[in-house]
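Chemist: Pasting the sequence and the predicted model now:
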Amino acid sequence: MTVLTTASWSTLEKPSLCWIPSHVGIRGNKSTDLAAKSALSSTISAVKCPPTDLYQSMTNHCQRLWQVAWDGCLSNKLHSIKPTLGYVSYSHLSGRDAVTHRRLRIGRTRFSHSYLLNREDQPRCTFCDCALTVVHMLLLW
């Protein structure tokens with residue numbers, strides 16, 4: 001089958017697949033090779049291909065595009081937490097533990113962000129007078 005390139009995905013046209021039989025490089029198949037080469041000059045007929053055959057290729061392509069866009073968001077603090085996109089499974093944790101783990105990863109906890117709901121100033125570290133964040137509490141204390 002032909003290989004679908006990035007250019008063929010970006011044209012928004014339906015991709016065409018063409019099967020070209022060949023026995024190149026196998027000794028004793030000269031007549032088969034000649035028949036295969038003659039197929040190159042014949043008219044190409046439309047081959048029906050179920051959409052499910054393209055799902056994995058399209059998923060991979062979309063994932064690559066999403067990753068490129070995400071890589072351009074270097075100023076986003078979530079990029080430093082998870083630079084490579086993909087699913088993280090928390091199925092081995094209880095629901096409460098999974099929520100706690102997610103909140104700690106993104107740096108949003110009740111302790112570090114309750115000041116927003118209470119309309120107060122951001123709490124400061126009593127030792128170094130910097131903003132009290134999850135990273136500060138876990139790594140610098």
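Modeler: Great, that's in hand. Only a predicted model underlies this, so the values are computations on that prediction, with no experimental measurement involved.

Chemist: what's the distance between the spatially most central residue of the chain and R96?
Modeler: Centre of the chain computed as the mean C-alpha position; nearest residue by CA atoms, centre = their mean is Q63, 3.2 Å away. To R96, Q63 is 31 Å away according to CB to CB, to the nearest Å. (Each C-beta comes from the backbone N, C-alpha and C, glycine too.)

Chemist: can you check K30 too?
Modeler: Relative to R96, K30 is positioned 71 Å away (CB to CB).

Chemist: residue ranges of the helices in the chain, please?
Modeler: Listed in chain order, the helices found in the chain under DSSP state H are 6-10, 30-40, 55-71, 77-81, 95-106, 110-117, 134-135.

Chemist: if you average pLDDT over each of these, which comes out lowest?
Modeler: Among those, helix 6-10 has the lowest mean pLDDT, at a mean of 51.

Chemist: returning to what we had before: what sits against the residue nearest to the centre of the chain?
Modeler: L85 (CB atoms under 8 Å, 6 or more residues apart in numbering).

Chemist: switch to 10 Å and redo it
Modeler: By CB atoms under 10 Å, 6 or more residues apart in numbering, the contact set of Q63 is 85-86.

Chemist: repeat for S114
Modeler: Applying CB under 10 Å, 6+ apart, we find S114 in contact with 120, 123.

Chemist: Map the structural domains onto the sequence of this structure.
Modeler: The record's domain parsing of the chain by automatic domain parsing lists 6-75, 95-140.
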